[in-house]
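[1] Fold the following and give me the result.
(2 chains)
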Amino acid sequence: MCHDRKEGFSSVTILTVMKQLYYEVKKCLGCKSCEVACAVAHSLSEELFKAIAEEKMPLPRKKVLASRGKNYPVSCRHCQYPKCVDACMAACLVRDVDKGMVQHDEARCVGCWMCVMVCPYGAIRPNIKAKIPIRCDKCKDKDEPACVKACPTGAIIWQEELAVKP
Amino acid sequence: MKQFIIIGNSAAGIAAVEAIRKRDKQSKVTVISDEDYPAYCRCLISYYLAGEAKEDKLVYRPDSFYKENNVEFLMNKKVARVDPKKNRIIMEDKSQLGYDALMIATGARPKFPELKGIKRPGVFGFRTIKDAQNISGLLPVTKAVCVLGGGLIGLKAAYALKKRNIDVKVIIKSKQVLSQMLDVQAAGLVQQRLEEHGIEVLLGQDASEIIGEGGIKAIKLESGKAIGCSMVIVGKGVTPNIELVKESEVQSNEGIIANNFLQTNTPNIYTGGDACESFDIALGAHASNALWPVAVEQGKIAGGNMAGDGQKYGGSIGMNSLEFFGLPVISLGIYKAKGGDSSFEELKLSNLKENLYKKIILKSGVIVGAVLVGDIKNSGLYLSLIRQRIDTSAFKDKLLEENFGYPVIKDLMQEQERIYV
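    Predicted coordinates for the structure are as follows:
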């Protein structure tokens, strides 16, 4: 759904379809349920006990890190001006403006880690064995990201965001 | 309607085209390349030579890119000189083209040392897809290759050749590999990994002659020893391609000098990528940082500014990321503390048996560089701290901790946080 809106003298298109992940920090207990759910959701079997035994053990695309007594889930934000996309020397990271997502073409990726080098959030982590950077894909094939479903306190919020299309 | 000319069809050139087209769909944009290939991923040529990436993986922008962006693309054309007084460029074939704004993104080329025999067939640089194809074409009749230079290009070439089962020796003048980006300890880990996989590394040695009759038979070292090989790959650094402005008033040093709008001293001529020298944040002085992400960033800003933006460039940082046989390495900014300068401090974490080595260099509490081997996960955070010149004194003990992460520095960042509510 998009519509034009006049803002000052320039016309901009406002998109309201993108959903983003937000975190209510004071609700986060640091239980890491989201990490486990994320890894399982990105495994072949999508089942915890089978996933553990998979040859390429799935890694979480989200990490809960603490600072000054508070817990912060950290994962890719799908930045509007993503440094990883600019840095990608294999052109396999692309920002899809309409979906509001940074997408990764794993088949083209060579695992050069330029994206890891420049991510200002430390949200891209290298899977050295698979030679693939791992980052949040918002569980693109599912209706809701696995972390949102798994959070026992409702600290992870999956909500539409207003974004301005350039 | 204006005429924009972009000389160069790689990272900086393409980024400039995209930035221009974001703001200006009408004006004429001409891209000139001296190669006969549409935009490709130059840094992937080692993966291509190794057989890990097929040619189609090298495509940086699809063939339709030029048409979709309404760009006139001139392949196989070399610009001989720029005439800023008349706002025109002159090609080697004597044809001319006028411009309103010009972007010089001509990149760099391999430096070949003055060495007897350096012109022999079988001596290659390793920069273009053509180099990779020419090298690859000879591999069926090649048993042994000597690589001159232990920098990134030399080692990437050596890695690729080893993957193709060629016998490779790397001849390095300095006492370590990657002396432009790593300290001795980190370099030791990389060297060990290369040697474990059968790449022979000869330190503290330089070639004195490439011996042969017609083709190559051997390399003679300064020590007098000769090493048999039928191919030589030269990875002794690069020279910016700036001959086209040498006789003009456009100011250059090693590279073309850019101000913080990526403009040269001639206001309607811009530059970016490997051909340019820009402000280096970690060094606090102008330097050339020949690196894909830097080139894209510069091309984007220069292109935007050509189309009328007034975007300021924060400056570049010398950095690189590489991986050999599963060992990831990242180097950022200044990688060795200046001896005798007490304002420098080094934080280290190392477990050489586990192939782990992490070092952060601080100057008066501000991170100016880092070397990460084996565990590279937080490098983007260190890079942010370097770029934003943040005093880390209050939390420097945490920097190398396993659970260090973005939450520790989030309140210090320029950009306002919006996802934590």
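[2] In contact with the closest residue to B:Ile216 other than its chain neighbours, which residues?
    Among residues not flanking B:Ile216 along the chain, B:Gly122 sits closest, at 4.3 Å (Cβ to Cβ, 6 or more residues apart in numbering or on different chains). In this view, the C-beta of every residue, glycine as well, is placed from N, C-alpha and C. B:Gly122 sits next to B:Leu138, B:Gly212, B:Gly215, B:Ile216, B:Ser230, B:Met231, B:Val232 when contact means Cβ atoms under 8 Å, 6 or more residues apart in numbering or on different chains.
[3] how would you label the nearest residue to B:Ser379 once chain neighbours are set aside: helix, strand or coil?
    Of all residues not flanking B:Ser379 in the chain, B:Ile330 sits nearest, at 4.6 Å (Cβ to Cβ, 6+ apart). Assigned with DSSP: H, G, I helix; E, B strand; the rest coil, B:Ile330 falls in the strand class.
[4] Please enumerate the helices of the stretch 251-400 of chain B.
    Ranges of helices in the stretch 251-400 of chain B, per DSSP state H, counting those that start in this stretch, are B:292-306, B:379-387.
[5] now swap in chain A and tell me
    A:33-41, A:48-52, A:83-87, A:114-118, A:146-150 (DSSP state H).
[6] Can you say which of the ones you listed is nearest to B:Glu68?
    Closest to B:Glu68 of those is helix A:83-87 (Cβ to Cβ; 18.2 Å).
[7] quick one: contacts for the residue nearest the centre of chain A?
    Chain A has A:Cys136 as the residue nearest its centroid, 2.6 Å off, counting by Cα atoms, centre = their mean. By Cβ under 8 Å, 6+ apart, the contact set of A:Cys136 is A:Leu21, A:Cys38, A:Arg61, A:Lys62, A:Ser75, A:Cys76, A:His78, A:Ala123, A:Pro145.
[8] Return only those of those found close to chain B.
    When contact is defined as Cβ under 8 Å from any Cβ of the partner chain, the contacts of A:Cys136 meet chain B at A:Leu21, A:Ala123.
[9] how about the contacts of A:Cys136 in JSON lines, adding distance to B:Thr106, neighbour count and pLDDT?
    Formatted as JSON lines, the contacts of A:Cys136 follow (distance: Cβ to Cβ, whole Å; neighbours: other Cβ atoms under 10 Å in any protein chain shown; pLDDT from 0 to 100):
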{"residue": "A:Leu21", "distance to B:Thr106": "43", "neighbour count": "22", "pLDDT": "94"}
{"residue": "A:Cys38", "distance to B:Thr106": "45", "neighbour count": "27", "pLDDT": "97"}
{"residue": "A:Arg61", "distance to B:Thr106": "40", "neighbour count": "27", "pLDDT": "96"}
{"residue": "A:Lys62", "distance to B:Thr106": "43", "neighbour count": "25", "pLDDT": "96"}
{"residue": "A:Ser75", "distance to B:Thr106": "40", "neighbour count": "28", "pLDDT": "97"}
{"residue": "A:Cys76", "distance to B:Thr106": "35", "neighbour count": "25", "pLDDT": "97"}
{"residue": "A:His78", "distance to B:Thr106": "34", "neighbour count": "21", "pLDDT": "95"}
{"residue": "A:Ala123", "distance to B:Thr106": "35", "neighbour count": "27", "pLDDT": "97"}
{"residue": "A:Pro145", "distance to B:Thr106": "45", "neighbour count": "25", "pLDDT": "96"}
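[10] of all the contacts of A:Cys136, which two lie farthest apart?
    Using Cβ to Cβ, the contacts of A:Cys136 reach their maximum pairwise distance at A:Cys38 and A:His78, which is 15.3 Å.
[11] ok, the nearest residue to B:Lys57 once chain neighbours are set aside - contacts?
    In space, B:Lys57 comes closest to A:Arg108 once its chain neighbours are excluded; the distance is 5.7 Å by Cβ to Cβ, 6+ apart. By Cβ under 8 Å, 6+ apart, A:Arg108 lies in contact with A:Ala90, A:Ala91, A:Cys92, B:Lys57.
[12] Reformat these as TSV; add distance to B:Asp206 and neighbour count.
    Output for these, formatted as TSV (distance: Cβ to Cβ, whole Å; neighbours: other Cβ atoms under 10 Å in any protein chain shown):
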residue	distance to B:Asp206	neighbour count
A:Ala90	34	23
A:Ala91	37	21
A:Cys92	39	21
B:Lys57	36	20
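[13] And those residues, which is closest to B:Phe73?
    Closest approach between these and B:Phe73, by Cβ to Cβ: A:Ala91, at 17.4 Å.
[14] Contact partners for the closest residue to that closest one other than its chain neighbours?
    Nearest residue to A:Ala91 in three dimensions, chain neighbours excluded: B:Tyr60, at 5.0 Å (Cβ to Cβ, 6+ apart). Residues near B:Tyr60 by Cβ under 8 Å, 6+ apart: A:Ala91, B:Ser10, B:Ile14, B:Pro38, B:Ala39, B:Tyr40, B:Cys41.
[15] Counting only helices, which of those residues make the cut?
    B:Ile14.
[16] now the contacts of B:Tyr60 in CSV, with distance to A:Lys149 and pLDDT?
    Listed next are the contacts of B:Tyr60 as CSV, based on distance: Cβ to Cβ, whole Å; pLDDT from 0 to 100:
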residue, distance to A:Lys149, pLDDT
A:Ala91, 33, 95
B:Ser10, 44, 97
B:Ile14, 41, 98
B:Pro38, 44, 93
B:Ala39, 42, 96
B:Tyr40, 42, 96
B:Cys41, 38, 96
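[17] quick one: which of the contacts of B:Tyr60 is nearest B:Glu195?
    Each of the contacts of B:Tyr60 was scored against B:Glu195 by Cβ to Cβ, and B:Cys41 proved nearest at 28.6 Å.
[18] Could you list the low-confidence segments of chain A?
    A:1-17, A:162-166 (pLDDT under 70).
[19] Which segments of it make up each domain?
    By the assignment in automatic domain parsing, chain A contains the domains A:1-75+A:144-166, A:79-135.
[20] and the ones you listed as JSON lines, adding distance to B:Thr266?
    What follows is the domains of chain A, written out as JSON lines (distance: least, Cβ to Cβ, whole Å):
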{"stretch": "domain A:1-75+A:144-166", "distance to B:Thr266": "30"}
{"stretch": "domain A:79-135", "distance to B:Thr266": "27"}
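[21] looking at those, which is buried most?
    domain A:79-135 (a mean of 20; mean count of other Cβ atoms under 10 Å in any protein chain shown).
[22] and that one, how far from the chain's centre?
    Centroid separation between domain A:79-135 and its chain, computed with Cα atoms, centre = their mean, to the nearest Å, is 11 Å.
[23] Next, B:Ala226: phi, psi?
    Main-chain torsions, B:Ala226, degrees, to the nearest 10: phi -120, psi 140.
[24] Tell me, how many residues neighbour the closest residue to chain A within the stretch 151-300 of chain B?
    Chain A sits closest to B:Pro293 of the stretch 151-300 of chain B, with a gap of 3.6 Å, by Cβ to the nearest Cβ. Residues contacting B:Pro293 under the criterion other Cβ atoms under 10 Å in any protein chain shown number 25.
[25] Do I have it right that the residue nearest to B:Ser379 meets B:Gly318?
    No: taking Cβ atoms under 8 Å as the definition, B:Ile330 is not a contact partner of B:Gly318, at 11.9 Å.
[26] Those two: who's more crowded?
    Taking neighbours as other Cβ under 10 Å, B:Ile330 and B:Gly318 compare with B:Ile330 leading, 29 against 22.
[27] What's opposite that one in the beta bridge?
    B:Ser321, B:Leu372 (DSSP bridges).
[28] residues touching it, list them.
    A:Trp113, A:Val116, A:Met117, B:Met319, B:Asn320, B:Ser321, B:Leu322, B:Ala370, B:Val371, B:Leu372, B:Ile376, B:Ser379.
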